[in-house]
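Trainee: Structure for the following, please:
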Amino acid sequence: MFSLKCKGKLLFIEKPLIMGILNLTEDSFYAASRFRSMEAIKNKAAQMLSDAADIIDIGAQSTRPGSRRVSADDELKKLIPAIELLIKNFPGIIISIDTYHSKVATEATIAGASIINDVSGGEMDEKMINTVGKLNVPYICMHMKGVPETMHHQTHYDDLTKEILDFFIYKIKECKQAGIDDLIIDPGFGFGKNISQNLKLLKELKMFQLLEKPVIAGISRKSTIYRTLNIPVEDSLNGTSVLNTFALLNRASILRVHDVKEAKEVVTLFEAYENA
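Mentor: Residues are numbered from 1 along each chain as shown. You can find the predicted model right below:
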């Protein structure tokens, strides 16, 4: 069993956890996940917590393929008021910040965030990993080939799973040297991988147990689902539940999702299946 030390709160991963996505961006690939007013942010967080979200993941930086970067200061203008609002209204909430800027990681943690979720695995800000070590919070380290603007053109691998495993073996060592105690592995579905590669990675997700770290699966409503099914992203909830089930069968510890209620149902049914 894994556990995460979240600024005085101990989060045990005795069963799969659910991370609810709360986007403060204007161009997230799934429009229904975008929230801009304080009232909308508060209401969505309340709904996700009521639906049994264990973590709320807030991001103000779009990382969809071809997205444009936002400065750290612009991120903070959106993030800090949202963090303060949620901390005030939901005591005990565990907030993860989706950012690759070390400055944002620092300021967001001071404001009350408990986890840093970095899609670049420390590759887009050389100060990030050492910063997180000093902040003494859990770090979600994701694999991404290239950067968000170009990653969809960089999908060549000689051996997909081996190359990603090798990346994490190096990152685990780097994070340990920086003083990061709680490291979460994110294989990075959709980040520099095409549809067939995403499905292969999902199929081989159990291999990442070799790293002896919790693994997060973030495949909710992504193009692997809606392009395979030839449907709009708005209709991809059923497909998301199917792939989340595959992720749990292959030992994912955390599901990062847009739809918390349905993900909770997946986890409940998975546990019933496992214990039958």
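
Trainee: After the strand ranked longest in the chain, which helix or strand is next?
Mentor: In the chain, with assignment by DSSP state E, the single longest strand is strand 17-23. Counting by DSSP states H and E, the next helix or strand C-terminal to strand 17-23 is helix 38-50.

Trainee: about what we covered before: the inter-axis angle of the longest strand of the chain versus helix 38-50?
Mentor: Relative orientation of strand 17-23 versus helix 38-50 (axes from the mean of the first three to the mean of the last three Cα atoms, to 10 degrees): 170 degrees.

Trainee: all strands of the stretch 51-200 of the chain, in order?
Mentor: Listed in chain order, the strands of the stretch 51-200 of the chain (DSSP state E, counting those that start in this stretch) span 55-59, 95-98, 115-118, 139-142, 183-186.

Trainee: Give me whichever of those is most buried.
Mentor: strand 95-98 (a mean of 28; mean count of other Cβ atoms under 10 Å). The way it works is simple: take the backbone N, C-alpha and C, and place the C-beta from them, glycine included.

Trainee: what pairs with it, and is each one parallel or antiparallel?
Mentor: As defined by DSSP bridges, the strand partners of strand 95-98 come to strand 55-59 (parallel), strand 115-118 (parallel).

Trainee: and the first one, C-alpha only, in CSV?
Mentor: Once side chains and other backbone atoms are set aside, the C-alpha atoms of strand 55-59 remain, and they are given as CSV (Å, rounded to 0.1, in the frame of the first residue of the first chain):
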residue,chain,number,x,y,z
ILE,A,55,-8.0,14.9,-5.0
ILE,A,56,-9.0,18.0,-7.0
ASP,A,57,-6.5,18.8,-9.8
ILE,A,58,-6.5,22.5,-10.8
GLY,A,59,-4.8,23.7,-14.0
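
Trainee: And the pLDDT at the closest residue to residue 74 other than its chain neighbours?
Mentor: With Cβ to Cβ, 6 or more residues apart in numbering as the criterion, residue 74 has its nearest non-adjacent residue at 7.5 Å, and that residue is residue 60. The confidence metric pLDDT takes the value 88 at residue 60.

Trainee: What distance do you get for residue 60 to residue 99?
Mentor: 8 Å (Cβ to Cβ, to the nearest Å).

Trainee: Give me the common contacts of those two.
Mentor: 75, 79 (Cβ atoms under 8 Å, 6 or more residues apart in numbering).

Trainee: Neighbour count for those two, which is higher?
Mentor: More neighbours surround residue 99 than the other of residue 60 and residue 99, with 30 against 24 (other Cβ atoms under 10 Å).

Trainee: Helices of the protein, residue ranges please.
Mentor: Under the criterion DSSP state H, the chain contains helices at 38-50, 72-89, 102-111, 128-135, 160-178, 195-203, 223-229, 237-249, 260-275.

Trainee: Now do the contacts for the residue lying closest to residue 178 once chain neighbours are set aside.
Mentor: Spatial nearest neighbour of residue 178, chain neighbours left out: residue 133 (3.5 Å); criterion: Cβ to Cβ, 6+ apart. Applying Cβ under 8 Å, 6+ apart, we find residue 133 in contact with 175, 178, 179, 180.

Trainee: got the contact list for the first one?
Mentor: Spelled out, that is residue 175. Residue 175 neighbours (Cβ under 8 Å, 6+ apart): 129, 132, 133, 139, 141, 183.

Trainee: before we move on, what about the second one?
Mentor: Counting by Cβ under 8 Å, 6+ apart, residue 178 touches 129, 130, 132, 133.

Trainee: now those residues in a markdown table, with distance to residue 113?
Mentor: Compiled in a markdown table, the contacts of residue 178 are given as follows (distance: Cβ to Cβ, whole Å):
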| residue | distance to residue 113 |
| --- | --- |
| 129 | 17 |
| 130 | 18 |
| 132 | 11 |
| 133 | 16 |
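
Trainee: Quick check: the closest residue to residue 47 other than its chain neighbours vs residue 268, distance?
Mentor: Spatial nearest neighbour of residue 47, chain neighbours left out: residue 260 (7.7 Å); criterion: Cβ to Cβ, 6+ apart. Distance of residue 260 to residue 268, computed by Cβ to Cβ: 12 Å.
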